[in-house]
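[1] Dropping the sequence and predicted coords here.
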Amino acid sequence: MKNRFCIAALTVMLFSFTGCKDSLFDELYIDPSKTTEVSCEKLMTGVFYQSLRVTKPSYYHYYTMNIMTLARYTQTVGVANSEGMFHPNDGYNTGRWQVFYKSLTNFRLLEDTYSKLDAAGRSDNEIFLLAAKVFLYGQLQEIVDLWGDVPFSEAGMLPITGDVVSSYAKYDSAEELYRLMLTELKAINTRLSELDGKLSSVATTYFIGQDYINKGDIMKWRRYANSLRLRMAMHVASQGALADEGKAALKEMLDNATTYPLVESNDQNIQITADAFGFNPLKDEDGSNGIMQAFEGLTNDPLGATNRAPKSMLDRMVDDPRLPVMFSPNTNGEYKGLVPEDRPEDQSPGLEAAPNIYASIDSATISRNDNMPGILFTAAEVSFIKAEACNEGYAGSIAQAQTEFEKAVTQSINFYFDLNSVSTYATPLERPDAATIATFATSKWTGDGKEAIATQKWLHLGLIHTEEAWNGLRRTKLPALTYMTDNSSTSCKTPVDRFVYPIDESDFNSANYETVKAKDTYYTKLFWAK
C-alpha cells in the first residue's frame, strides 16, 4: 500500500505536537526541503493515511478507544466492571490526540504546497485540498467532541515555519471550531459542485488514484461534506451558543436536497473498503490481529474478554431483525447480556464461564469479518438526524419524522445484513423480507418519538461509531442508561463528560494551556451537551 500511494514521500513530518520544546526539534522535525515528490495529491493521501488507525477497523480503534474507553460510557459492549472503570486511560487518549495532529500536520503541508503553485497548478490541485479538508473536519469534529477547546488555527505549522517558538499553538474554543466547520463545509459543497465534471484529465487521474476513500467521486465527497455538516448542526441545535445556527443549517439543507446532497442510501455510505488497497481489518499495520485481537484475544476464554454483549442493548433488541447479525447467543442459545450496574464481585462468576452465560459480539459480522469496512458515515445516521430535526420542528413535519425514522431503522437493518453477507468466516444469514423489516420499523415509533429516535440511533452506531453514540448520550441523555457507582475512585465515580488534555500540553504548551486549565476536568460539559 505504501508503494501504491507513495506514502514514503510523506515522511516530511509525521509526528506532531501542537508545540514542542527546543531540545526535541532536531529529533522530531525533518526539513521538507530535503524530501522528494511532495505533491498535493500525495499530501491529501497522507492526511487520510495518518488517521488510518482510527478510521479502519483496527485494534487501536476497536479495543483501545471503543471497548476499553467509550463503551464504558455508552454500554454498547459488555465490559466487565472494575475499580477505576470510568477513569479514562489518558495514555490511550493521548494516542488519539497525536493521530489527529499528524493528519493536521500533513494538511498544513498540503496548504503550503498548494499556496506556492501558479494559477494553473492551483486549478489542477484544488480538488485535493478540498477533499482533504472535508476529511480533516470529520476528524476535528471528533477531537472537539472528546476534549472541547483544542489547538487548531495555529497548530501543525512547525514543518512549514521551522520556528519552534511560534509552534506553540493557542486553543480555539469548541464553539469557534464548530462555527468554522459549519461555514466551510457549506462553501466546500458549493465549490465541489462547480468542479464536478470540470477537472482536467490529469487531476481526474490523480484524484481517482490517490483517493482511497471515495475513489475520486466528487458527488460522494459532497455527500460526505453535507452529512458532516448535518451531524454538526444537530449537535448544536438543541442547546448552547450555536443553537440558532444549527437549526438554520438543518432547515437549509433539508429544504434544499438538490443543493445539499446527503448520504441517502447504503450504497452511498462513506467508508474505507476493506482490502481494496491492502487494508485488512484482521491485521493492523504492525502485524497484530486487528479487530479479532481487539474482541477475542485477551484471555484464555475462547470468546475473549471484550466481546460480551451488553444487557442494555439486548433488552432493547427483543424481536429485532438485527439481533442475530450483531450478537451471537451463548452456548445455550440464549441472548443474555452483561449487567452494567452489577458490582465486579457479582459479575465474576459469570465471567469465568462466559461462553455458557453471555451472548457475544457476532464474529461473522464484526470481529472475524475480513471484509469489514472502515465506517465514516452511514445513510441510517443521516436518516436518524432528519427524523430528529423534523420531530423537533427544525424542518419538515412530525409525519416526515416518522417516515425518516422508519427509513433509518430499515437502512440500519440492511446495513448490518450487508456486513454479514460479505463475511467469509461463516455462512451469511438470510435477510428478512422487506415486509418484515417495514413492520418492525413501524412498531419502533412510540410516544413522542424522542426516545425512539435516540434509542435506535444508539443501537445503530454503538458497534461501528461508538464516538457518535457517546455524543448522542451526552447531548440528549437518551436512551436512559443506569451505571454502577465506582466508589473506589476518587476522581471518576461515574461516566465522564470529556477527556483531559495530554500531559504534553501542560508541559510543552504551558502558556496556552493556562487559558483552558480551568476547564480541564473530566466533568466539564461540552457546550452542546445536555
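    Alright, I've got the coordinates.
[2] Sketch out the strands for the stretch 301-450 of the chain, chain order is fine.
    Assigned by DSSP state E, counting those that start in this stretch, the stretch 301-450 of the chain shows strands spanning 327-328, 360-361, 374-377.
[3] got any ranges where this structure has weak pLDDT?
    1-37, 276-278, 285-289, 298-305, 347-355 (pLDDT under 70).
[4] deepest of the strands of the stretch 301-450 of the chain, which one?
    Looking across these with neighbours counted as mean count of other Cβ atoms under 10 Å, the highest average goes to strand 360-361: a mean of 26. For every residue, glycine as well, the C-beta is placed using N, CA and C.
[5] Please state the offset of that strand from the chain centre?
    21 Å (Cα atoms, centre = their mean, to the nearest Å).
[6] Check which helices and strands it is in contact with.
    Applying 3 or more Cβ pairs under 8 Å, 6 or more residues apart in numbering; DSSP states H and E, one finds that strand 360-361 contacts strand 327-328.
[7] which residues sit against the strand it packs on?
    Counting by Cβ atoms under 8 Å, 6 or more residues apart in numbering, strand 327-328 makes contact with 309, 313-314, 317, 335, 359-363, all of which sit outside it.
[8] can you rerun that using 7 Å?
    309, 314, 335, 359-363 (Cβ atoms under 7 Å, 6 or more residues apart in numbering).
[9] can you tell me which two in those are farthest apart?
    Between any two of those, the greatest separation by Cβ to Cβ is 16.8 Å, found for 314 and 363.
[10] which one of the strands of the stretch 301-450 of the chain lies closest to residue 92?
    Nearest of the strands of the stretch 301-450 of the chain (Cβ to Cβ): strand 374-377, 19.1 Å.
[11] partners of the closest one, with directions?
    strand 270-272 (antiparallel) (DSSP bridges).
[12] Give the next helix or strand downstream of the partner strand.
    helix 290-296 (DSSP states H and E).
[13] counting contacts, what elements does that next one pack onto?
    helix 59 (3 or more Cβ pairs under 7 Å, 6 or more residues apart in numbering; DSSP states H and E).
[14] which helices and strands sit right next to the helix it packs on?
    helix 290-296.
[15] follow-up on the earlier one: just the contacts of strand 327-328 now: which is nearest residue 56?
    Of those, the one sitting nearest to residue 56 (Cβ to Cβ) turns out to be residue 361, at 17.6 Å.
[16] Return the residues in contact with the closest residue to that closest one other than its chain neighbours.
    Distances taken as Cβ to Cβ, 6 or more residues apart in numbering put residue 307 closest to residue 361, at 4.2 Å, once the chain neighbours are dropped. Counting by Cβ under 7 Å, 6+ apart, residue 307 touches 295-296, 360-361, 367.
[17] any chance of those residues in a markdown table, with distance to residue 239 too?
    Shown next, in a markdown table, are the contacts of residue 307 (distance: Cβ to Cβ, whole Å):
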| residue | distance to residue 239 |
| --- | --- |
| 295 | 36 |
| 296 | 40 |
| 360 | 37 |
| 361 | 33 |
| 367 | 37 |
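[18] Show me which of the residues you listed is closest to residue 196.
    Nearest to residue 196 among those, with distances taken as Cβ to Cβ, is residue 367, at 38.6 Å.
[19] helices or strands up against the top helix by length along the chain?
    Scanning the chain for the longest helix, with DSSP state H as the assignment, gives helix 119-147. For helix 119-147, the elements it packs on are helix 40-49, helix 90-115, helix 174-195, helix 201-210, helix 218-237, helix 466-476, judged by 3+ Cβ pairs under 7 Å, 6+ apart.
[20] still on that earlier bit, for residue 390, which of the strands of the stretch 301-450 of the chain is the nearest?
    Judging these by Cβ to Cβ, what sits closest to residue 390 is strand 374-377, at 19.6 Å.
[21] in which helix or strand would I find the nearest residue to residue 478 once chain neighbours are set aside?
    Closest residue to residue 478 apart from its sequence neighbours, by Cβ to Cβ, 6+ apart: residue 454 at 3.6 Å. Residue 454 is part of helix 450-461 when elements are defined by DSSP H and E.
[22] Could you figure out how far that helix is turned away from helix 466-476?
    170 degrees (axes from the mean of the first three to the mean of the last three Cα atoms, to 10 degrees).
[23] Kindly spell out which helices and strands sit in contact with helix 450-461.
    helix 379-391, helix 398-421, helix 466-476.
[24] Now with 10 Å, please.
    helix 311-314, helix 379-391, helix 398-421, helix 466-476 (3 or more Cβ pairs under 10 Å, 6 or more residues apart in numbering; DSSP states H and E).
[25] Quick check: buried residues in that helix?
    Residues 452-461 are the ones in helix 450-461 that count as buried (16 or more other Cβ atoms under 10 Å).
[26] repeat for stretch 177-187
    177-179, 181-182, 184-186.
[27] so residue 395 touches residue 246, yeah?
    No: between residue 395 and residue 246 there is no contact under Cβ atoms under 10 Å: 11.6 Å.
[28] Which of the two has more residues huddled nearby?
    residue 246 (25 against 17; other Cβ atoms under 10 Å).
[29] Mind checking the helices and strands packed on helix 119-147 for the one nearest to residue 422?
    So among the helices and strands packed on helix 119-147, helix 218-237 is nearest, using Cβ to Cβ, at 19.5 Å.
[30] any idea of the angle the closest one forms with helix 466-476?
    Using the same axes, to 10 degrees: helix 218-237 against helix 466-476 is 30 degrees.
[31] now for the helix or strand that helix 218-237 is followed by, which elements pack on it?
    The first helix or strand that comes after helix 218-237 along the chain, using DSSP H and E, is helix 243-255. Helices and strands touching helix 243-255, by 3+ Cβ pairs under 10 Å, 6+ apart, are helix 174-195, helix 218-237, helix 379-391.
[32] Which one, of those helices, ends up nearest to residue 205?
    Judging the helices and strands packed on helix 243-255 by Cβ to Cβ, what sits closest to residue 205 is helix 218-237, at 14.1 Å.
[33] tell me what the closest one is packed against?
    helix 119-147, helix 174-195, helix 201-210, helix 243-255, strand 270-272, strand 374-377, helix 379-391, helix 466-476.
[34] mind exporting the second one as PDB, just the C-alpha atoms?
    Provided in PDB are the C-alpha atoms of helix 174-195 (Å, rounded to 0.1, in the frame of the first residue of the first chain):
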ATOM      1  CA  ALA A 174     -15.200  24.500  20.700                       C
ATOM      2  CA  GLU A 175     -17.900  27.000  19.600                       C
ATOM      3  CA  GLU A 176     -15.500  28.700  17.200                       C
ATOM      4  CA  LEU A 177     -14.400  25.500  15.600                       C
ATOM      5  CA  TYR A 178     -18.000  24.300  15.200                       C
ATOM      6  CA  ARG A 179     -18.900  27.600  13.600                       C
ATOM      7  CA  LEU A 180     -15.900  27.400  11.300                       C
ATOM      8  CA  MET A 181     -16.700  23.900  10.200                       C
ATOM      9  CA  LEU A 182     -20.400  24.600   9.600                       C
ATOM     10  CA  THR A 183     -19.400  27.600   7.400                       C
ATOM     11  CA  GLU A 184     -16.600  26.000   5.500                       C
ATOM     12  CA  LEU A 185     -18.400  22.700   4.800                       C
ATOM     13  CA  LYS A 186     -21.200  24.700   3.200                       C
ATOM     14  CA  ALA A 187     -18.700  26.600   1.000                       C
ATOM     15  CA  ILE A 188     -16.900  23.300   0.100                       C
ATOM     16  CA  ASN A 189     -20.100  21.700  -1.100                       C
ATOM     17  CA  THR A 190     -20.600  24.700  -3.400                       C
ATOM     18  CA  ARG A 191     -17.100  24.600  -4.800                       C
ATOM     19  CA  LEU A 192     -17.200  20.900  -5.300                       C
ATOM     20  CA  SER A 193     -20.400  21.200  -7.300                       C
ATOM     21  CA  GLU A 194     -18.700  23.700  -9.500                       C
ATOM     22  CA  LEU A 195     -15.700  21.400 -10.100                       C
END
